[in-house]
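J.: Any chance you could fold what I've pasted below:
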Amino acid sequence: MTEMRWGAWCNLVAGVLLLVAPFALGYYTLSDVAMYEAVAVGVLIGICALWSALSTTAPAYLDYVVALFGGWSIAAPFVLGYHNTIELARNTDIGVGIVVALIALVGHFYASPFVRHKVAA
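T.: Reported below is the predicted structural model:
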């Protein structure tokens with residue numbers, strides 16, 4: 001389970017970064033949509049990642065949920081229409097989304113019983 005926990009802690013950091021990005025990078029005044037999306041998705045990623053990091057009974061599908069939030073973060077600038085107007089928000093959302101999705105999926109893969117069995121052998 002320790003392999004999955006490092007990923008959960010990394011995704012917690014990524015969720016917090018996404019949460020504070022509109023304020024730290026200053027685009028919160030440019031677009032309410034970009035700001036609310038980043039804050040909401042950052043909170044959701046952070047909550048799920050913290051649950052996964054601290055709980056020994058967190059469901060295995062939680063990694064997929066976090067990966068979906070990462071996927072939404074990648075798609076959001078295009079779906080919500082701020083991809084051309086706020087380049088900084090778009091790049092932040094896409095970058096964090098890629099990192100979150102990859103960490104969640106790789107963490108889930110390495111935490112699977114099949115991989116643990118193969119690594120231990």
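J.: Now Ala14: which helix or strand?
T.: Counting by DSSP states H and E, the element that carries Ala14 is helix 2-24.
J.: buried ones in the helix or strand Val65 falls within?
T.: Val65 belongs to helix 62-79 when assigned by DSSP H and E. By neighbour count on 16 or more other Cβ atoms under 10 Å, the buried set for helix 62-79 is 62-63, 65-67, 69-70, 72-74, 76-77. Placement of C-beta: from N, CA and C, glycine included.
J.: Out of those residues, give me the two with the largest separation.
T.: Farthest apart among the buried residues of helix 62-79 by Cβ to Cβ are Leu62 and Pro77. That separation is 25.1 Å.
J.: In contact with the residue nearest to Ala101 when sequence neighbours are not counted, which residues?
T.: Leaving aside its sequence neighbours, Ala101 sits nearest to Gly70 (Cβ to Cβ, 6 or more residues apart in numbering; 3.3 Å). Gly70 is in contact with 45, 96-102, 104, counting by Cβ atoms under 8 Å, 6 or more residues apart in numbering.
J.: Work out the gap between the helix or strand containing Ala38 and the centre of the chain.
T.: Take DSSP H and E as the rule and Ala38 turns out to sit in helix 32-54. Here the centre of helix 32-54 is set off from its chain's centre by 7 Å, with Cα atoms, centre = their mean, to the nearest Å.
J.: elements contacting it?
T.: helix 2-24, helix 62-79, helix 87-111 (3 or more Cβ pairs under 8 Å, 6 or more residues apart in numbering; DSSP states H and E).
J.: between the ones you listed, which gets nearest to Val39?
T.: Val39 lies closest to helix 2-24 among the helices and strands packed on helix 32-54, at 5.6 Å (Cβ to Cβ).
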